[in-house]
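> Show me the folded form of this:
(chains A and B)
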Amino acid sequence: MSVARIQMAHGSGGKVSHDLVKNIIWPAFANDILGEMHDGAQFVIGGARLAFSTDSYVVKPLFFPGGDIGKLAVCGTVNDVAMNGAVPLYLSVGFVIEEGFSIEDLKRILASMQEAAAEAGVYIVTGDTKVVEKGAVDGIFINTAGIGKIIDGITINGKNAKPGQDIILNGYLGDHALAVMSERHGLELPQSVKSDCAPLGDLVASLLAAVPSIAVLRDPTRGGLATTLNEIALQSEVGIIIEEKDIPVSLAVQAACDILGFDPLYLANEGKLLVFVDKEYTPQVLKIMKAHKYGREARVIGTVSHAPCGQVGLRTGIGGIRLLDMLMGDQLPRIC
Amino acid sequence: MLTNEEVKKAADFFVREIVSLAGQKPIRIMEVCGTHTVAIFKAGIRQLLPTTVELVSGPGCPVCVTPNDFLDAAIAYSKQPEIIITTFGDMLKVPGSSSSLAQEKAAGADIRIVYSPLESLEIATKNPHKKVIFLAVGFETTAPLAAATVLMAEKEQISNFYVLSAHKLVPPALRVLLAAGNRPVDGFLLPGHVSAIIGMKPYDFLAKEFATPAVVAGFEPLDILQSIYLLLKQIQRKEPKLDNQYGRVVPVVGNPIACQRLNEVYQVADAQWRGIGILKDSGLALREKYRAFDALKNLPVTVEPTKEHKGCQCGQVLTGALLPTECPLFGEICKPEHPVGSCMVSVEGTCAAWYKYGAGRWQG
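The predicted structure is shown next:
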């Protein structure tokens, strides 16, 4: 049974998305910069090292606890630029709006974008607006692209993970995906479950100023922590072991996951980042993170090892160890 | 709630007891239910057990046991423009004879994922000119919800709601499995949530007629370890009986209200199980009184002739006759992203769980 059409799973951010990019999209554009397969492109123009990234936002519903599509569209792209070891500077924005969309809602979204851009220290400097007939999109879709300057002396790359490094995460997992799901399906979740959507550029800049030798930075968005760690294990050709007991998941998120059959390790986050760093710098990274408002719950969740090459293992609370695979299928569509 | 340290300590205790009870003779324990299969893998329980204690997955994954002809009927209905199909999400990717609901959805069919069958009624009310068919799949755990939905539809006189039913019952399947006895099982880990509905009694025959130990078990890692320990005690003492490890959720009589609703709407009927065949009295059919809600009795449909997938061993896997890793297609031709058989599809599918958590792949 061959698949001739795009299915929802192709947009999940997991294994099926990867195969689509690898087998269909990448061959059409193949070049060295794209081939790095990072959160964005890194290149040099007139002596300046730049990072460039883009993302489209189709979240449903448009407004959810802790954020909205506008905040997401700014933070998501700012974070992708920052994960290149860059200071995000300028964004473009493209709107595709459905006929009949409320101007009042559009204003709310624009205000939210501006607020997020101000916090992130970026300017939205160019844009485009298209309107399509009713039913051609669902309300509003937003694309943003961002450009930033890579900090001098910094080389961040998904291929830089090395055995012996610690893996540090800046806080609780799964809140964004569940906040969106609860709003979409009218699930009664505790008020504490809010999207973690936040611009991480400032936290990244503080970390890199103090610890320039940070090897890998990556934000675990679609596909969750599990998928992101697998990408890095494959790119760096290393093994990764994480400890279940050290992975921060709030009681509310865990309880909701148990009921709905989700695994928080595969849920999208919009304000989380992973830092791979040599062990000697771990205390310093933790200190900086914990002092920052987006890193109070930071902790070491695992380590990089030689084996099993290209795989991620999870040591469970009762002492077993098992494979932690990439996301398969589409656990949750239209989450960002 | 136990702290992480307390859980680890208790787990260590049960593992020690299991090791001391396990002898040289191999013991095969079947976890009947897909939820258990996943929980066992997720907690990494297999590696903690002695090599002589083997856990085998059973027929308790509702998506896995749903036969091709049911899917083909659902797919045929989905192609009719006036029909909306509502379904739990894990049915979407299951391959039918020549298509899947996911493929039909991508091609434009109106197929909607619901978290509760009751959502179907809302969709039916909002789309009065359409006919809404809910794919009623599942064991004793989900059947009462489907029954409640039919009762609600009747009460609210919603006349464009239908059920395509493939509900199955757990105890009759175990009876067939034991009677066939081609690769015997030394004990059963029974699904606690099924017993929360049907109680303990329907499983009495396991010990009485087949002298097979059984434990109704919860789903936390400690529940499962304790249940394996209880099973080994029965096996080593040669005292087969029915234990209830999940007493905090499972009353001996189950949930009489849910059972009463179930019996009001459904009657026991023979049912087709994928790869196993028709098992007597192992399914549920809508009673004559509710025939107005029965899709097949009211909405004409032409279904393509059923084709089984060449080489697919789901039937063998579901009865424990074959481990997923013993199937030549497993992980090679048959993977979650392009499943050949239903066992590789559902989150709780036997092969999908074995694959996802690294059986035959994990090199650590």
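> Apart from its neighbours in sequence, what residue is nearest the residue in the stretch 1-150 of chain A positioned nearest to chain B?
Chain B sits closest to A:Arg5 of the stretch 1-150 of chain A, with a gap of 4.2 Å, by CB to the nearest CB. Every residue, glycine included, has its C-beta placed from N, CA and C. Among residues not flanking A:Arg5 along the chain, B:Ala106 sits closest, at 4.2 Å (CB to CB, 6 or more residues apart in numbering or on different chains).
> do the same with A:Tyr123
A:Tyr90 (5.6 Å).
> ok, and that neighbour, which helix or strand is that part of?
Take DSSP states H and E as the rule and A:Tyr90 turns out to sit in strand A:86-98.
> can I get the CA coordinates of that strand in PDB?
Taking only C-alpha atoms (Å, rounded to 0.1, in the frame of the first residue of the first chain), the coordinates of strand A:86-98 have been written out as PDB:
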ATOM      1  CA  ALA A  86      22.700  33.600  17.400                       C
ATOM      2  CA  VAL A  87      21.100  36.900  18.600                       C
ATOM      3  CA  PRO A  88      17.800  37.100  16.800                       C
ATOM      4  CA  LEU A  89      17.400  40.600  15.100                       C
ATOM      5  CA  TYR A  90      14.700  40.900  12.400                       C
ATOM      6  CA  LEU A  91      11.600  39.000  11.500                       C
ATOM      7  CA  SER A  92       9.400  38.900   8.400                       C
ATOM      8  CA  VAL A  93       5.700  38.000   8.700                       C
ATOM      9  CA  GLY A  94       3.300  36.600   6.100                       C
ATOM     10  CA  PHE A  95      -0.400  36.300   6.800                       C
ATOM     11  CA  VAL A  96      -2.900  34.100   5.000                       C
ATOM     12  CA  ILE A  97      -6.300  35.200   6.200                       C
ATOM     13  CA  GLU A  98      -9.700  33.600   5.500                       C
END
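> could you give the mean pLDDT of the helix or strand just after that strand?
Once strand A:86-98 ends, the next helix or strand along the chain (criterion: DSSP H and E) is helix A:103-120. Helix A:103-120 carries an average pLDDT of 98.
> After helix A:103-120, heading C-terminal, what element do we hit next?
Assigned by DSSP H and E, the successor of helix A:103-120 is strand A:123-132.
> List the residues that contact the residue positioned nearest the centre of chain A.
For chain A, the residue nearest the mean C-alpha position is A:Thr221 (2.9 Å; CA atoms, centre = their mean). Residues near A:Thr221 by CB atoms under 8 Å, 6 or more residues apart in numbering or on different chains: A:13, A:76, A:79, A:228, A:268-270, A:336.
> Enumerate the residues of the stretch 151-300 of chain B near chain A.
B:221-222, B:225 (CB under 8 Å from any CB of the partner chain).
> now, which of the residues you listed sits nearest chain A?
For these, the minimum distance to chain A (CB to the nearest CB) is 4.8 Å, reached by B:Pro221.
> quick one: the closest one and B:Lys8, what's the gap?
B:Pro221 is 10 Å from B:Lys8, where distance means CB to CB, to the nearest Å.
> Need the residues touching each of these two.
A:317-318.
> okay, these two: which has more neighbours?
Using other CB atoms under 10 Å in any protein chain shown, the more surrounded residue of B:Pro221 and B:Lys8 is B:Pro221, with 25 against 18.
> The more buried one against B:Val7, yeah?
Yes: in this structure B:Pro221 lies within contact range of B:Val7 using CB atoms under 8 Å: 7.3 Å.
> shared neighbours of the two, which are they?
In contact with both B:Pro221 and B:Val7: A:317-318, using CB under 8 Å, 6+ apart.
> ok, now which ones touch the residue of chain A found nearest chain B?
The nearest approach of chain A to chain B comes at A:Gly320, 2.0 Å away (CB to the nearest CB). Going by CB under 8 Å, 6+ apart, A:Gly320 touches B:43-48.
> go again using 7 Å as the cut-off
When the contact criterion is CB atoms under 7 Å, 6 or more residues apart in numbering or on different chains, the partners of A:Gly320 are B:43-45, B:47-48.
> can you check A:Val58 too?
A:141, A:334.
> how close does it sit to A:Leu72?
10 Å.
> before we move on, the earlier item: and the strand holding A:Tyr90, average pLDDT?
In the prediction, strand A:86-98 has an average pLDDT of 98.
> what angle do that strand and helix A:103-120 make?
Angle between the axes of strand A:86-98 and helix A:103-120 is 180 degrees (criterion: axes from the mean of the first three to the mean of the last three CA atoms, to 10 degrees).
> Give the buried residues for strand A:86-98.
A:86-89, A:91-98 (16 or more other CB atoms under 10 Å in any protein chain shown).
> again with stretch B:75-93
Quick answer for stretch B:75-93 (16+ other CB under 10 Å): B:75-78, B:80, B:83-93.
> which one of these is nearest chain A?
Nearest to chain A, judged by CB to the nearest CB, of the buried residues of stretch B:75-93 is B:Lys93 at 6.8 Å.
> For the closest one, give me the pLDDT.
pLDDT, B:Lys93: 82.
> so what's it up against?
B:Lys93 sits in contact with A:329, B:100, B:102, B:339, B:345, where contact means CB under 7 Å, 6+ apart.
> now with 8 Å?
A:9, A:329, B:100-102, B:339, B:345 are the contacts of B:Lys93 under CB under 8 Å, 6+ apart.
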